[in-house]
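Chemist: I would like the atomic coordinates for the input below:
(2 chains, ligands or ions: 2)
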Amino acid sequence: MIGGMLRRCLIVDDNERFLAVARTSLERDGLEVVGTASTVADALDKADRLRPDVVLVDVALGAESGFDLTRQLVERHPDLRARVVLISTRREEDYADLIALSPAAGFVWKAQLSAGAVRELVAGRP
Amino acid sequence: MTTAGLALRVGAGRWLGGLLAGAVGVAAVTTVVALLEPSLPALGLLPLYLLAVLPVAVRWGAGPAAVVSVASTVLLGYLFLPSSRRLWFAEVDNAAATGVFLVTAVVVGNLAARLRRAAEHSARLSAEQAALRRVATQVAREAPPEEVFATVVGEIGRLLGADSAAIVRLDPDGLSTVIAQDGDGPERLPVGSRWSIEPPLALGVALRTGEPARRDGYEEVPGEFAELLRQVGVRSSVAIPVVAGGRTWGALGAQRRGTAFPADAEQRIAEFTEIVAIAIANAESRTQLAASRARIIAATDATRRRLERDLHDGAQQRLVSLALELRQVESAVPAQVRADLDRMAGDLTEALDELRELSRGIHPVVLSEGGLGPALRAIARRAQVPVELDVRTAERFPEPVEVAAYYVVSEAVTNTTKHGGASYVEVTLDAGANALALRVRDDGAGGADPARGSGLTGLRDRVEALGGSIHVTSPAGAGTTIEVSLPLAR
Ligand SMILES: Nc1ncnc2c1ncn2[C@@H]1O[C@H](COP(=O)(O)OP(=O)(O)OP(=O)(O)O)[C@@H](O)[C@H]1O
Ligand SMILES: [Mg+2]
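Modeler: Ligands and ions are numbered 1, 2, ... in the order given. Sure thing, here's the model as predicted:
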């Protein structure tokens, strides 16, 4: 599948306000937000039920880790490999090594989140 | 056996030895007298017997010596004078000569015996002083208490001629733990073993009353410990309490199998217990100091972590959402307003970056998230000089250890950039069996001096609070090397 065909998205973030803003922004550019979650357990459950094309995962989920969630998601749904996009308020360089080591497609800084940026990352990987 | 009984035995031994030696001496002198007697008057040779009396006096004391002198007098008459004069010393003419001989023998014997005692006393004192000095030196150079205790029991065992000696600590549950022990007899108490040590055992009395105690004999003493002493034939024990910080911390005891301890044994141990008490107090205050240092650092780190998180969850989170909203609005407004909004969004991004820089300095999130490897690589990437990283472990360590190692590298790299004029920095991290070894080396100007700033001193505080060590080698012109070892309790 190429990036242009990504239509259904799950956002995992523990900040309500950001979830709302991100939803508006993504949907306006044609990326439907089929669900949101704020904990690892909730996210795994929604991924099982909703079968999103792409999952946006906040690196810092309260006490839980977005890196852990990414690994678990890809283990349960191998087709999500390179379909998880890590997002954070912190910058990519803060986590550089950990992002490279994770099976995620890449990282988008929350202030620059857009459907285009997500599609580009996912399409950019085989 | 009672103390009196023992003393009697010791006394009898002394007399027996003295008289035997005297007999041998007198026999030897008699041989000489027999050789000389044909040409010299026998009575004139009487003073020769002093040669037999003196060694007895020196070695066995004045009593046996007096007996030997009297025996000599009688023997001389019996062997060398006609039978009519056997009791020559009773003859009026000879009374003076006999008297002079006997008095001389007794006086010289007494003097010799006293001299010998003085010499013995001073030898013992100087041995004691030397032993005390050895222990005191150890305490002064802050040797670990276990080392001091081991030396103390060794010295006491030797000085008192004990078969075993031990230091026990009184634990809050009333049992006592053996902290150090000397001697290899069957009564030895393994270090670390715990016992119920109660009166009337000497150690028990010392522990409960805080006073010196002694016990000679263990018949009818109840308890496991007394049973052990009985089995191996321990006869005599002395014990002195160790008082540290105003309470009885424990006690020091010594045991003998053969004979009882001399009467001044307790007094001789007492001086050691004072040093032991000082060693304990020192160690306790050092431990407390290290713990409070570690607490202060841990509290500071926790505050920094919270601050970083608050910034992240609060201000940064809001500003990021705001920036995202601005971008949305931007696309929906007329072109002339869009330029303004775009500039505002740019400003906002810059502000966010500054904020991010700030919170990164407060606490490195990547450290808690990913451990030392990723965190050190992040330092290397940001550094303004090339950093060669050699991280030989992917393990996670206790948070204080990771944080300390991180700050060492971070400060060292900052210093190199700021002061070193170096062309590169080399960082090596290796986890050993008991410690994490870290080395940071640059090829810069050298001459680092912790007194000129707070960075290196801060590192020392951090590392030492964890019981680690840090060495800075920085000869002028030859670069700077910082070597750190952080203990790992595995
Ligand atoms: N790698 C180095 N090469 C050369 N000189 C150094 C190096 N590291 C430290 N120094 C010297 O040692 C001094 C003490 O360093 P320290 O890190 O304790 O303080 P500082 O860097 O001056 O200030 P700060 O408290 O901000 O760290 C420095 O002022 C500098 O002169
Ligand atoms: Mg410095």
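Chemist: give me every residue in the stretch 251-400 of chain B lying close to chain A.
Modeler: Contact residues (C-beta under 8 Å from any C-beta of the partner chain) of the stretch 251-400 of chain B with chain A: B:312-313, B:316-321, B:323-325, B:327-328, B:348-349, B:352-353, B:356, B:360, B:365-366, B:369-370, B:373-374, B:377-378, B:381-382. In this view, the C-beta of every residue, glycine as well, is placed from N, C-alpha and C.
Chemist: doesn't B:Gly250 lie inside a strand?
Modeler: Yes: counting by DSSP: H, G, I helix; E, B strand; the rest coil, B:Gly250 falls inside a strand.
Chemist: ok, how many other residues are close to it?
Modeler: Using other C-beta atoms under 10 Å in any protein chain shown, B:Gly250 is surrounded by 27 other residues.
Chemist: in PyMOL, how would I select the buried members of the residues of the stretch 251-400 of chain B next to chain A?
Modeler: Of those, the buried ones go into a single PyMOL selection, burial set by 16 or more other C-beta atoms under 10 Å in any protein chain shown:
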select buried, chain B and resi 312+316+317+319+320+321+323+324+325+327+348+349+352+356+360+365+366+369+370+373+374+377+378
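Chemist: which of the residues of the stretch 251-400 of chain B next to chain A fall within helices?
Modeler: Among these, the members falling in helices (DSSP state H) are B:317-321, B:323-325, B:327-328, B:348-349, B:352-353, B:356, B:360, B:365-366, B:369-370, B:373-374, B:377-378, B:381-382.
Chemist: three-state assignment of the residue most central in space within chain A?
Modeler: In chain A, the residue lying closest to the centroid (C-alpha atoms, centre = their mean) is A:Leu56, at 1.2 Å. Under three-state DSSP, A:Leu56 falls in the strand class.
Chemist: hey, what's it bridged with?
Modeler: Assessed by DSSP bridges, A:Leu56 has beta-bridge partners A:Ile11, A:Val85.
Chemist: what residues does chain A have near chain B?
Modeler: Contact residues, chain A versus chain B (C-beta under 8 Å from any C-beta): A:15, A:17-18, A:21-22, A:24-25, A:28, A:59-60, A:65, A:67, A:89-91, A:93-98, A:101, A:109-111, A:113-114.
Chemist: which parts of the regular element (helix or strand) spanning B:Gly13 are buried?
Modeler: Using DSSP states H and E, B:Gly13 sits in helix B:3-36. For helix B:3-36, burial by neighbour count (16+ other C-beta under 10 Å) applies to B:6, B:18-19, B:21-22, B:25-26, B:29-30, B:33.
Chemist: where do the helices sit along the chain?
Modeler: In the absence of a named chain, chain A is used. Ranges of helices within chain A are A:16-28, A:40-50, A:66-76, A:92-101, A:115-123, based on DSSP H.
Chemist: not quite, go with chain B.
Modeler: B:3-36, B:50-60, B:62-80, B:92-140, B:145-160, B:202-209, B:224-232, B:265-311, B:317-332, B:335-362, B:365-370, B:372-382, B:399-415, B:455-465.
Chemist: do you know which of those lies nearest B:Leu488?
Modeler: helix B:399-415 (6.8 Å; C-beta to C-beta).
Chemist: what's the mean pLDDT across the closest one?
Modeler: When pLDDT is averaged along helix B:399-415, the result is 94.
Chemist: list the buried residues in it.
Modeler: Under the neighbour-count criterion of 16+ other C-beta under 10 Å, helix B:399-415 has B:400-413, B:415 buried.
Chemist: so which residue of the stretch 51-200 of chain B comes closest to ligand 1?
Modeler: As assessed by C-beta to the nearest ligand atom, ligand 1 sits closest to B:Glu142 within the stretch 51-200 of chain B, at 25.2 Å.
Chemist: so that residue touches B:Arg286, yeah?
Modeler: Yes: contact criterion C-beta atoms under 8 Å: B:Glu142 and B:Arg286 qualify, at 7.3 Å.
Chemist: quick one: low-confidence ranges for the chain?
Modeler: Just so you know, I chose chain A. Along chain A, the parts satisfying pLDDT under 70 run over A:1-4, A:125-126.
Chemist: oops, chain B please
Modeler: Ranges of chain B meeting pLDDT under 70: B:1-11.
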